[in-house]
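Student: after the sequence you'll find the predicted model.
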Amino acid sequence: PTRRSSDLLVAEKKREEEAAKKAVEEEKEAIRKGMEELKKFYKDAGWEKAEAALDKIYALDPNYDVFENYGSACNVFHSGAWSVMSDDFVEVYAFYGYLKREAYNETISTPSDWLAYMKKGIPEAIEAWLKDADTIIKDLEAKGGAK
């Protein structure tokens, strides 16, 4: 190759790298904005009540395993949602990357796909968890907490 074609190849490679870097930054910014939207969505769906119920169960019995026994708890407090509510961008972005690579039966290739996925079923999951938590709390209170 000539000097000129070599310079053109180097310049093209640099443009591609800059475009890829810009795309990642735009994706990260969309995820950050999505986190804010999700936090509001989760709160509106009753997240704080759901978390308060979890806290009450653990106050009554610190060793109670809600996640082993109640799918409703798992559906609300999964690591993706917990990371959003904890403002843990590094974990949220890692979860987004995981979903892009291995999204079960979903097609997640953009931040908007991720956002839709993260909203799916949350209000119903919180409602189901609150019913289960109410039963757990009543049972634990009836027997005086952990024994």
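Tutor: Alright, I've got the coordinates. Residues are numbered from 1 along each chain as shown.
Student: what about S6, distance to E12?
Tutor: Separation of S6 from E12 (C-beta to C-beta, to the nearest Å) stands at 11 Å. Every residue, glycine included, has its C-beta placed from N, CA and C.
Student: ok, now V90?
Tutor: Applying C-beta to C-beta, one obtains 32 Å for the distance of V90 from E12.
Student: ok, K21 next?
Tutor: 15 Å.
Student: do E26 as well
Tutor: Computed as C-beta to C-beta, the E26 to E12 distance reads 21 Å.
Student: do Y58 as well
Tutor: Following C-beta to C-beta, the distance that separates Y58 from E12 is 57 Å.
Student: these two - which one has more neighbours?
Tutor: The residue with more neighbours, out of Y58 and E12, is Y58; 13 against 10, by other C-beta atoms under 10 Å.
Student: what strand or helix carries the residue sitting nearest the centre point of the chain?
Tutor: Relative to the mean C-alpha position of the chain, the nearest C-alpha, by C-alpha atoms, centre = their mean, is the one of G80, at 2.2 Å. If you go by DSSP states H and E, G80 is part of helix 79-85.
Student: what about that helix, distance to the chain center?
Tutor: Per C-alpha atoms, centre = their mean, to the nearest Å, the displacement of helix 79-85 from the mean C-alpha position of its chain is 4 Å.
Student: with stretch 38-55 instead?
Tutor: When C-alpha coordinates are averaged (C-alpha atoms, centre = their mean), stretch 38-55 and its chain have centres 13 Å apart.
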